[in-house]
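K.L.:
dropping a prediction and its sequence here:
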Amino acid sequence: MLIGELAARTGTSERLLRYYERVGLLSAQRRHNGYREYDPDAVERVQRIRELLAAGLPTREIRRIIDCAHPDGTLDACPGVLDTLRARLTELDARAAELTAARAALRQAITTTESRLGRV
């Protein structure tokens with residue numbers, strides 16, 4: 001299938017598909033006219049890529065584990081998969097804690113400012 005059909009079938013832009021190819025997540029054969037031609041399994045591969053991106057994994061990590069992904073969203077226990085997933089979860093937990101602290105500080109600043117405005 002051509003890139004336009006793959007884009008339509010996966011709800012992904014052609015630009016993103018080209019990016020996935022450039023970073024090594026997706027591959028295509030080239031026709032004699034230079035057009036990209038994807039195998040039918042490219043649809044499932046793009047869906048796995050999108051799921052892993054939604055889970056917060058960067059493309060460099062996805063490249064390492066994409067071949068361990070199954071159509072049902074599960075992953076084989078390939079070397080490094082669990083370590084990669086756990087490391088990303090730890091990073092996300094740290095970011096969530098930072099956001100919670102920032103949110104509390106912002107709430108406090110609003111409360112303090114509103115109190116001062118009420119006293120003026």
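P.N.:
Perfect, thanks for sending it. Numbering: from 1, shown residues only.

K.L.:
which parts of the strand or helix carrying residue 112 are buried?
P.N.:
When elements are defined using DSSP states H and E, residue 112 is found to belong to helix 81-119. The neighbour-count criterion (16 or more other C-beta atoms under 10 Å) identifies 81, 84, 85, 88 as the buried residues of helix 81-119. Backbone N, C-alpha and C define where each C-beta goes, glycine included.

K.L.:
dump these into a markdown table; add distance to residue 41 and pLDDT as well.
P.N.:
Converted to a markdown table, the buried residues of helix 81-119 look like this (distance: C-beta to C-beta, whole Å; pLDDT from 0 to 100):
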| residue | distance to residue 41 | pLDDT |
| --- | --- | --- |
| 81 | 20 | 87 |
| 84 | 23 | 87 |
| 85 | 23 | 88 |
| 88 | 25 | 90 |
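
K.L.:
tell me the SS of residue 4?
P.N.:
Classification of residue 4 into helix, strand or coil gives helix, according to DSSP: H, G, I helix; E, B strand; the rest coil.

K.L.:
nearest residue to it in space, ignoring adjacent ones along the chain?
P.N.:
Of all residues beyond its chain neighbours, the one nearest residue 4 is residue 14 (6.5 Å), with distances taken as C-beta to C-beta, 6 or more residues apart in numbering.

K.L.:
contacting residues for that neighbour?
P.N.:
Taking C-beta atoms under 8 Å, 6 or more residues apart in numbering as the definition of contact, the neighbours of residue 14 are 3, 4, 7.

K.L.:
most neighbours out of these, which is it?
P.N.:
If you count neighbours using other C-beta atoms under 10 Å, the busiest of the contacts of residue 14 is residue 3, which has 20 neighbours.

K.L.:
that one contacts residue 19, correct?
P.N.:
No - at 11.8 Å, residue 3 does not count as touching residue 19 under the criterion of C-beta atoms under 8 Å.

K.L.:
give me the most central residue, this structure.
P.N.:
residue 53 (1.3 Å; C-alpha atoms, centre = their mean).
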